[in-house]
Every structure is written in C-alpha cells, then in structure tokens.
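Visitor: predicted model and sequence below, questions to follow.
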Amino acid sequence: MSWFKLILENSWRDLRMGDGRISLATQTVLLFFLMTLTLSSASIQNYLAGNLDQMLGSDLVVESHAPLKSEDEIALRSLAQRVSVTQLIDITVTHKNEWARVKLKLIDDAYPMQGNLQVGDTPVATQRAVNKGPAIGEVWLEPRLAGQLQMQVGDILTIGGTELRLGAILFHEPDRIMEGHSTALRAMVHTGSLKAGSIDRGNSLTRYLASADESQQIAVESWARDALAGANVIKKIGGQHPLASFWQRTENFLGLASVILFFMGAVALDMTNRRWLAKMRYRLAIYASFGVRTSTAMLMALGEWLIGFLLSALLAALLAIFACGLIVGQLQGQFPGLQTSWHWVAALKTVGLVFLLLIALQIPSFLQLSRASLLSLIRNPAEGSFVWHRLVWSFLSVALLAAAYSDNWLLTGLTLSAIAAALALMVALTWTFVRLGDLWGRRRTGLLPFAFFMMRQRLFAKSAQVLGLGLCGLLLLFTLMLMRDLGATMESHSRSHDGNLMISDARSDQIDGIHRWAAQTGSTVRTLRPFVPAQLVAVNGKSLDEFQKPSDTLATLQDPIRLSWAKDMPRNNRLVGGKWWPTDTANWQQISAEPEVMTDMGFSYGDVLTFRINGKSYDFNLAASHAYKPGAGSITFWFQVPLSARAQIDAATHHMGSMELPETAWDALAQLWQQYPTLSLVPLKELTERFDQTLGIVTKLTTGYAAMVLLLALFVLAASISGFSADDRQKNGLLMSMGLKGTDCLRLNLYEWGGTALIAAAGAVAGTWIAGRLIYQAQFNLAYDPDILWVAAMVFTMIITVCLVGYIACRHSLNVSVRTLMTT
C-alpha cells in the first residue's frame, strides 16, 4: 500500500467520524465567511476601478476645501491642457413653503470636460444629452429636488437674493463619481449667475477638472503634493475611486468581526483535536512498530490534516460563490452594472491567511506528537502543559487575524484584553471550584464528592472544557447583548436628543438672526458651541497622504472637522490622559484630542498637529486627551484648543447647537432659510429617519452575524461532547464494572456537566462584565448597565442546554455493554 493511498484512507475514515465532521464543518464555516467577504469586496473594487474610467469626467481632478490662490491656479493651468473649475456649497433652498437641503454645484463655461450631461423637461421625460451646463440666469434641479420643491421647468427659484429660472431637470453628471456614496439632493448653476457675496462660500469644496496626458498627470500630482496642503488628487491612470477606501474600511470592519467567529471556531477545533491526537498517537505507534521514521510519520499526519483543509476550502469556495452572487444582487441597486466574478488572487490570499491561522492552531498538537516516545504514544498520557501551549497558540492565531483586518486598534486591543482576562478568570474559577469541592468531599461519601474527585483527577482536561464552553458563552453573550444595547440606544438616541432641531453649522453673523427668529416664533435656543472648520494636513511634518491603512478616523480627518476652544474642561467632557492647560495659559499652541482618534492615528503626547484653517497653517502640540461624559449635553468635539488660541486664528467663527421649536414654528423655517441659505439646520424628524434607516441595516447585519455565532456555538457544544466522549465512556464503563447502576452514572455525569456549565457561565458573565466596562464607554459612549434579568435568563439557558446535551450524550453511551464502553 502506498503512503498516499494510506493517507487518503485515513483521512476519509476521520471524516466519517463525528469529531472529523465537526472539524470539517467548523473550518468550512470560517473559510466561507472570509471568502464571501473577500469575493464580494473584490467584485465591488473591480467595479469601482472600471467606474472610475467612465465617470470621473476628466483625466484628473484636484480637490481642495479652499479655492487655489491665483498663482497656484495659473501653475495648474500651465501643467494641464484644459481646466474646468467647479464649486460645491451646501445650502438650503426654498420655494413657497417648501424647503430642502441641497448640494449646489457652481460650474464654468468649460464644464463638462469629458462626457455629456443628461437632462429633460420633466422628471419622467425622455433624457437628452447636452455638452453645456446651465446658462447664466438658469438653475437645473435633479428630479427628486424638483418634486420636493413642487417646481416645473420655467418656475423661478431664488438663491441668495438672485432669481433663477428652472431651465431643465438634471439626470446625470459625467463627474458624478466624485460624490461617492452621497445621496444629497443636487442643483447646478453657472458661477456667473450669482452675485459676489450673495452666498457665503467659506465651506465650499472646489474641484479642478483637468484634461492631461499621462506625463502631465504625473507632473500635476507631484506639484500638488508639494504646493497644495490638504488637496486631494484623483486620476484615471493608477487612481483610486473615492469609494474604494470606504469599502476597504467596510471589509476591515467585517473582517474584524470574524475574530469572534474564529475564536469560537478555534475552541471547537481544539476540542476535536483531543480525539484527533488520540488517533494520531495510535497510528504513529503502529507506524513506529513497522520501522517508519518519526519524520515520515509526522509528514503523513500533516498530509491527513491538509486533505481535510483542502476539502473545507473547496466546499467553502462553492458556498462563497453562491453567497457572493446573492450579495452582489442586493447591491446592484446602488451599483448598476455590478457583476459577480471570480478573483483568484484575492481568494487564494484569503485561503492562505486561514491556512496560516489554522496551522498555528495545530502546531501544539504536532509538537506533542513529534516529542512523544513510543511508550507515551501507547499509554495516551495526560495533557499537562500542552493545554497552555494550545491556549497561547490559539491566542496568537486570533491576534494575527485581528492584525490583518483591524483599522481600529483601540477596539481590537480592548476586545483581546477582555478575552484574555476572561480566560485567566475562568482558569482561576475552575481550579478553585474543583479543589475546594475535592477538599469538601474527602471525608464524605456519595456521588457528589466522587464527582469532585473525578474532576480533580482530570483537572487539565476539565480546564480545557470549561475554557471552551466559557469562551463560547462569553462571546455569544457579549455579542447578543452589545447588539441589543446598540439597537436600543440607536432607537432612543434620536428621540432624546437636545431639542428637536440641530444647528449643525451657523456663522457668527447668523446667530443674531436665529435669536430674533426664535423670539418671534416662541422657539428656544438650548445650546451653542463655537468652532472653526479646520483640516488636519500633517502630523510631525508627515502628510496625511502618507498614512496608508484606511480607517474611519483617517477618512474623516481628510475633510475639515470642527475645532473648538475652551478655557476650562467642558462639563460634558472628562480628562483621559495628559494635562489640561491652565485657565490663564499664554501657550495657545496646545491641543486635546479624543482617545479613539489618538489610538487610530497613532498619536502620542507631544506630537505636532498641523491644521489648515482659512488658507493658513497652524501648529499645535498634543497635550491632553478628553472623552465624552453624558449628562451635560451631547455636543462635543474631536479636537479642542485653549481659549487664548482663538485670537491667534484668522477665521470666521461658526457655531453648533440645538433648538426647541413648537409645532407652529416649523412652517416659518423657510423664512429663516430665505435670509440665510447656508445655515445648516437638521430637524429631529430627519435625524429619526436616518437612524431608522441605519437601524434597519444594522438589524439585518446583526441577525446574520448572530446566526453565524449561534452556529459556531453549536459546533463548540458538539465538540465538547465529542472531544471528551472517549474519556467519559471509559469512566462509565469502569464505574459500571464496579457495580454502579446506569442511573448512578447518569447522575454522576449530570453533576460533572452541571459543575462545568456553572463555572463556564460564571466565567462568561464575568468576562462579559469586563468587556462591557472596557468597550462600552471607550467605543460607544455608553454606560455599561446590563439587564440583570436578561443576563440571568441567558445564563440559565446556557446551563440547562449544556446539562441537557451532556445528559443525552451520556444516556446514549450507556445503551451499550460494559465491555464496549471499556474498549471504545
């Protein structure tokens, strides 16, 4: 018989057994999750790359949050063949009693650079292609906006005191890709239509669409990198779609969620490995008796494991292709033309990553086999210190997966720390419970003292079982609780906000008008916090473009953020680290940042943060870290500087706050917006709708994720039975040979499983409390206040389930003779 044929036969024999099937199913589920994520993300990224070529509207775009200086614009025009300048301004437009928040695009005569605009005379009219934008004196509105304002072609719309005629309904812009995933309502006017100063353009986004060949694109990109701080360059050749980083962050988030799934899978695989090790010891002993060298026997063992992995990869690939097709079908509404395709390189990278993770879980087993003597192979020795080896390698494997996907190191570190603390606690609980129980039962008779004695003799095996079930319970309990609490918080947040109208951006010259309007309508201004729009452009002289790993924090900091100032610590903030500046400090170049921002970006105290404010650069030394504290208002800021810094910053002051409006005041909002079109107000109703939409998406995601967690929890439970079944059967056979009845064995097993479940449940609850205390406040600004009844119900369910499954397994094993029990 050839070695290869023997490996195949042994592999097939293993897969026909219960523990082999559990191992195969666990590996398949883990591979399926990550391969589905990889294939879906690769299909989207491939679509975005092709979409970039077709919908950029030019060869290259230079995007800046402030218009270029005249000399910089001249330099850009000298490097490119043609240039078109567009500006985007967020304003509120009104028509009669209707109003809408709009992204207004100002265009010049050179727009569009490439492609055509698609327009019509009504929202349902046949579209026609035009190669020029609206003429001076005209405005074009997209169909949704025209419907919301109840306007038709020929109607007059007043913007900034200028009357504009609705000339056409705008369906498509060739540079629409630049808006990414935005669903904002759109309007377009010629820049010459609006009088100078009629609309504040301080918060505008300016884009320079350029026609250039490949060498000119390289020259423009190099020039912009050196001359334009905070500018973003997007090009067709070798460029990246504006949504590419967003989807990369989505993939990172879901990949990080797989850490919990993989940890549970590792527990199931570790338990099934006990049976696998017993079979391998038996086979290696037989091989050794025939004179086979240890190295050859180890290669055969590795080959048997590898065949199981390859079969899992094949099954997972087939399932992932099917699931990817379903996901892409759901996304075609947002991405017309998106197609499912097989991406070999991405799929092989994922399979390779999972292979490394799983082989890391097997290393302790292979080490144990390679170092075992022939006598120990036959005798089936105690596990001893190899329990700790398996635990360490499992933790390293999960840490490797977290490192591969994490873009939030604070959350990753807190999660792994909570799991490590929970594992240490469960080990301590197990040893304390078993030793104290054994000490109590030494001078007593009966099945319960004997159960403690048996658990004491199998302490290492019992510790592994408790760790597996306890970790599974911890991850399941915390996942379900976190999702339940986040859902409840999201649902209640929008209904308990400060006031029923948010002031998201108001200039200082608009504040008096807001107060007058509030007095006239009986409204109340509840809070106002000052800030200036500031864009972080460098850290210790290093440009933000040099930060390669995408994250939500980095994506947010690439646009202007709100920079506020305070003399003393705000009442809704608390000091986390560093030193807050004195009240009368003269050193204005200090700054405080939120801890999550510091962690995600890798900031340290003493770093120099360079902000671009109103076209000028300002340096601040990172001196402190502050975090949100509930109970004194919900408005807070990522970055804060001393009050003395305000006099040094040459920029207009903006305000953020909230108002409480009576029912009669809502109809009068149009008057306020007619006077101040750039005033940004967000009604609570709109916030509620956004939260409800987000909550619906979160519910779908969490339902699917919870199903995966529950599936792996069942695998862990099955593995805990299968992995220790041989020990339990031998124990039952020995006890029945000594005269105990089957009912006594059932009671004894019930005591053992009850103790195991009780310790695991206690460890799971304690671990959940640790994780809650660490993560809730740091990540979600939530006070960890668990529902005791809900937790108790979950723990009770867990204990009953484990005991019931253990009882059924023991009852099933007792249906055979004593001789069979002793020999299996």
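Guide: Perfect, I can see it now.
Visitor: packing partners of the host helix or strand of A313?
Guide: Assignment of secondary structure by DSSP states H and E places A313 within helix 294-331. Contacts defined by 3 or more Cβ pairs under 8 Å, 6 or more residues apart in numbering; DSSP states H and E place helix 294-331 against helix 3-15, helix 18-55, helix 244-289, helix 344-370. For every residue, glycine as well, the C-beta is placed using N, CA and C.
Visitor: quick one, which of those helices gets closest to E163.
Guide: helix 18-55 (32.8 Å; Cβ to Cβ).
Visitor: in that closest one, what counts as buried?
Guide: For helix 18-55, the neighbour count (16 or more other Cβ atoms under 10 Å) marks 19-20, 22-45, 47-48, 51-52, 55 as buried.
Visitor: now do the helix or strand immediately after it in the chain: distance to the chain's middle.
Guide: Going down the chain from helix 18-55, the next helix or strand is strand 60-64, by DSSP H and E. Relative to its parent chain, strand 60-64 has a centroid offset of 29 Å by Cα atoms, centre = their mean, to the nearest Å.
Visitor: just want the angle from the following helix or strand past strand 60-64 to strand 60-64.
Guide: The element immediately downstream of strand 60-64 (helix or strand, assigned by DSSP H and E) is helix 70-79. When axes from the mean of the first three to the mean of the last three Cα atoms, to 10 degrees is applied, the directions of helix 70-79 and strand 60-64 differ by 170 degrees.
Visitor: got the contact list for helix 70-79?
Guide: Helix 70-79 has contacts (Cβ atoms under 8 Å, 6 or more residues apart in numbering) with 62, 67-68, 83, 85, 208, 210, 212, 216, 219-220, 223-224, 227-228.
Visitor: helices of the stretch 601-750 of the chain, start to end?
Guide: In the stretch 601-750 of the chain, the helices defined using DSSP state H, counting those that start in this stretch lie at 669-675, 684-723, 725-737, 742-780.
Visitor: which stretch in the ones you listed is the model least sure about?
Guide: The minimum mean pLDDT among these belongs to helix 684-723 (a mean of 65).
Visitor: does Q87 count as helix, strand or coil?
Guide: Here Q87 is strand, with the state taken from DSSP: H, G, I helix; E, B strand; the rest coil.
Visitor: identify the bridge partners of it.
Guide: L106, T206 (DSSP bridges).
Visitor: need phi/psi at the residue of the chain most remote from its centre.
Guide: Relative to the mean C-alpha coordinate of the chain, counting by Cα atoms, centre = their mean, the farthest residue is G739 (57.9 Å). In terms of degrees, to the nearest 10, the main-chain angles of G739 are phi 110, psi 0.
Visitor: can you pull the pLDDT of it?
Guide: Listed pLDDT for G739 reads 71.
Visitor: cool, F460 as well?
Guide: 66.
Visitor: now the one 10 residues further on
Guide: G470 is assigned a predicted lDDT (pLDDT) of 78.
Visitor: that one against A424, yeah?
Guide: No. Shown here, G470 and A424 do not form a contact pair, counting by Cβ atoms under 8 Å, at 11.3 Å.
Visitor: okay, the two: which has more neighbours?
Guide: G470 (30 against 12; other Cβ atoms under 10 Å).
Visitor: what's near enough to touch that one?
Guide: G470 sits next to A422, L423, M426, I759, A760, A761, G763, A764, G767 when contact means Cβ under 8 Å, 6+ apart.
Visitor: including distance to L396 and neighbour count, could these go into JSON lines?
Guide: What follows is the contacts of G470, written out as JSON lines (distance: Cβ to Cβ, whole Å; neighbours: other Cβ atoms under 10 Å):
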{"residue": "A422", "distance to L396": "17", "neighbour count": "26"}
{"residue": "L423", "distance to L396": "13", "neighbour count": "19"}
{"residue": "M426", "distance to L396": "19", "neighbour count": "26"}
{"residue": "I759", "distance to L396": "25", "neighbour count": "25"}
{"residue": "A760", "distance to L396": "23", "neighbour count": "28"}
{"residue": "A761", "distance to L396": "27", "neighbour count": "22"}
{"residue": "G763", "distance to L396": "21", "neighbour count": "26"}
{"residue": "A764", "distance to L396": "23", "neighbour count": "26"}
{"residue": "G767", "distance to L396": "20", "neighbour count": "26"}
